[in-house]
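Asker: my questions are about this predicted structure, shown below with the sequence.
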Protein chains: 2
Amino acid sequence: MRTEIATLGEFGLIDHLTKGIELKNKSSRYGVGDDAAVIKYPAVDDVLVTTDLLLEGVHFDLTYVPLKHLGYKAAIVNFSDIYAMNGNPKQITVSLGLSKRFSVEDMDELYAGIRLACEQYGVDIIGGDTTSSFTGLTISITCIGSVNKSKVVYRNGAKDTDLICVSGDLGAAYMGLQLLEREKTVFKGEKDAQPDFTGKEYLLERQLKPEARKDIIEKLAAENIVPTSMIDVSDGLSSELMHICSQSNVGCRVYEEHIPIDYQTAVMAEEFNMNLTTCAMNGGEDYELLFTVPITEHEKVSQMEGIKLIGHITKPELGTALVTRDGQEFELKAQGWNPLHEKTE
Amino acid sequence: MRTEIATLGEFGLIDHLTKGIELKNKSSRYGVGDDAAVIKYPAVDDVLVTTDLLLEGVHFDLTYVPLKHLGYKAAIVNFSDIYAMNGNPKQITVSLGLSKRFSVEDMDELYAGIRLACEQYGVDIIGGDTTSSFTGLTISITCIGSVNKSKVVYRNGAKDTDLICVSGDLGAAYMGLQLLEREKTVFKGEKDAQPDFTGKEYLLERQLKPEARKDIIEKLAAENIVPTSMIDVSDGLSSELMHICSQSNVGCRVYEEHIPIDYQTAVMAEEFNMNLTTCAMNGGEDYELLFTVPITEHEKVSQMEGIKLIGHITKPELGTALVTRDGQEFELKAQGWNPLHEKTE
């Protein structure tokens, strides 16, 4: 079943994709269907705005990424940026550029993923733009969220002696990508070949269906902890640590032995003959939260499930360094996942 | 002088393009440089959100559109959507996808246009995303604006007997596009040929450097007029009238003789042997404001400079029609400028 998008036209396609969308958040006043959407937040809230542009061939490869997963992930990466400010995502706009290769059914799949993510995280779709493209799929999502005005967390508030914490584990999404790329090469041309991902499901899930750490923001709020700085790990731990340190004008020490890594990530790195710590430090797309708290919160954060203490903030003159298991210090470098670097150089 | 974007990288390019940007609006709390921007509006305001995705080859042709003009227009089309809600644009985010064809200097030009538009209209650039692209230039802008909560104007409030008003004149941007396309064809391959646009400057300006009608919103406010419905003319007068009528569940009569058309537009239509009224009704990209007011406002609006009364709202069963000079009625059809239709069919 393949319905050409041209049979619906722009307005028809928008109607088709957005029908049945109900606005659930009180802050969403008017959604799709006018020149602009209308939102309204109470005076106690600051409003957060973030945006991500995803291009086919640069950010995703449709030979192994199902459209529904892509839609889910495209929404999640935006939610993650809002959580990284200690906020809660509430609305998104979704703009799509589509080439003739895509059918109405394809867009249904993509939108199903976006809508699923929105349902899971309590976000409303309030608008967007849809247009044709000569060259594959373009997805541009803008996310709006709220945060109590006394609780916004920036990247620039880390202080000497603060503890550095990270949620979940790192490097798995990168390993999932390596695995998918390998299988794509292996099976190229063999139409019916089925790659075997047994025992590597976690890596694929981290790459194809990442989650944003709403739960961590809720736990921190429940414990009455407001981090001094926070960022989400999209480009790799090294790169994010350097953002926090440069914007806070501090240094840091992170300890290799404390970096949380899943068993499957380690097995895969071994199989690929890659340095595991490098994968965890520079892999990216983890969408975990990296944050700092005053040392007085040590007891609280060290007992929180899903959070690891990986180091501490120092005076700026000490620089930013990774301390290896044998006690050597290596200056952090941002070799993170950076489409502009990787693809244009 | 050509500096490759890869020499700066993503973060370097963002720093380069956004350096020196100052936030001028009180509602802009924190701009570029964190996971999300922070804004805050007073309780008396509703917040408006609109977004536009522009793709090279679909929405613009860089053989005749200078990058600075493109940047200006990309911002303006978003501002226009906010004015169409009776609001004022306050912030934008700018996402760019760039192929290797573009240099840092090219992006400086594009950004100069965006920044100029922002200065002229009092808008802050608060964030965005920059990434590489394999295929030309992608521009995705989201605009946020404010409107006093009792003054939001939707498309769905038009009532029987309301007057239909439009600002400025129509069809000129479309004629400018035809002119540019013709000159492109004529001069293809002749490197030093200079097209002669004497006497047609207005058409080019309307196509290449449109303005959004902030002045009209201000005039309406000064006269204490809140339109019953409003939309901006981006896809063509016919298409926009049909949006207002279907969303308001009303009909309309617009009079051919009252449609405002500039002299240069008329001359050009004659030269191209095109039907002038069709150009004005379906050309699009005018970025004028189309709105309805109660008939009791007749005296006020008929005296406002830059606003023309072109018809009136009727009961829904009368349908939507254009009344020609000889009194015939033609049902409105949306043949408007629609990239999805035109390019994918």
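Answerer: Noted; the coordinates are in hand.
Asker: now the helices for chain A?
Answerer: Applying DSSP state H to chain A gives helices spanning A:9-18, A:67-83, A:104-121, A:172-187, A:201-208, A:214-222, A:237-248, A:263-272, A:276-282, A:298-302, A:339-344.
Asker: the residue nearest to A:Gln207 when sequence neighbours are not counted: how many residues sit nearby?
Answerer: Of all residues not flanking A:Gln207 in the chain, A:Gly176 sits nearest, at 2.9 Å (Cβ to Cβ, 6 or more residues apart in numbering or on different chains). For glycine as for every other residue, the C-beta is placed from the backbone atoms N, C-alpha and C. Neighbourhood size, A:Gly176 [other Cβ atoms under 10 Å in any protein chain shown]: 27.
Asker: do I have it right that A:Gly176 meets A:Lys209?
Answerer: No. At 9.9 Å, A:Gly176 does not count as touching A:Lys209 under the criterion of Cβ atoms under 8 Å.
Asker: need the overlap of contacts for these two.
Answerer: Common contacts of A:Gly176 and A:Lys209 (Cβ atoms under 8 Å, 6 or more residues apart in numbering or on different chains): none found.
Asker: got a pLDDT number for the residue nearest to A:Gln207?
Answerer: For A:Gly176, the pLDDT comes out at 96.
Asker: tell me the contacts of it?
Answerer: A:200, A:203-208.
Asker: grab the nearest non-local neighbour of A:Leu332.
Answerer: A:Thr320 (4.3 Å).
Asker: what about the closest residue to A:Pro210 other than its chain neighbours, neighbour count?
Answerer: In space, and not counting its chain neighbours, A:Pro210 is closest to A:Tyr287: 4.8 Å by Cβ to Cβ, 6+ apart. Using other Cβ under 10 Å, A:Tyr287 is surrounded by 24 other residues.
Asker: burial count for the closest residue to A:Gln264 other than its chain neighbours?
Answerer: Leaving aside its sequence neighbours, A:Gln264 sits nearest to A:Tyr202 (Cβ to Cβ, 6+ apart; 4.8 Å). A:Tyr202 has 17 neighbours, counted by other Cβ under 10 Å.
Asker: can you pull the contacts of A:Tyr202?
Answerer: A:172, A:262, A:264.
Asker: do A:Leu276 as well
Answerer: A:171, A:261, A:265-266, A:269-270.
Asker: of these, just the buried ones, PyMOL syntax please.
Answerer: Selecting the buried subset of those in PyMOL, with 16 or more other Cβ atoms under 10 Å in any protein chain shown as the burial test, is done by:
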select buried, chain A and resi 171+261+265+266+269
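Asker: hey, where'd the strands end up in the stretch 1-150 of chain A?
Answerer: Applying DSSP state E, counting those that start in this stretch to the stretch 1-150 of chain A gives strands spanning A:28-30, A:37-39, A:45-55, A:88-98, A:124-132, A:138-148.
Asker: JSON lines for these, including mean neighbour count and distance to A:Ser229?
Answerer: Shown next, in JSON lines, are the strands of the stretch 1-150 of chain A (neighbours: other Cβ atoms under 10 Å in any protein chain shown; distance: least, Cβ to Cβ, whole Å):
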{"stretch": "strand A:28-30", "mean neighbour count": "19", "distance to A:Ser229": "30"}
{"stretch": "strand A:37-39", "mean neighbour count": "25", "distance to A:Ser229": "28"}
{"stretch": "strand A:45-55", "mean neighbour count": "25", "distance to A:Ser229": "16"}
{"stretch": "strand A:88-98", "mean neighbour count": "26", "distance to A:Ser229": "19"}
{"stretch": "strand A:124-132", "mean neighbour count": "24", "distance to A:Ser229": "29"}
{"stretch": "strand A:138-148", "mean neighbour count": "26", "distance to A:Ser229": "15"}
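Asker: tabulate these (CSV), appending mean pLDDT and distance to B:Val254.
Answerer: Listed next are the strands of the stretch 1-150 of chain A as CSV, based on pLDDT from 0 to 100; distance: least, Cβ to Cβ, whole Å:
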stretch, mean pLDDT, distance to B:Val254
strand A:28-30, 96, 27
strand A:37-39, 97, 28
strand A:45-55, 97, 38
strand A:88-98, 97, 31
strand A:124-132, 94, 27
strand A:138-148, 97, 35
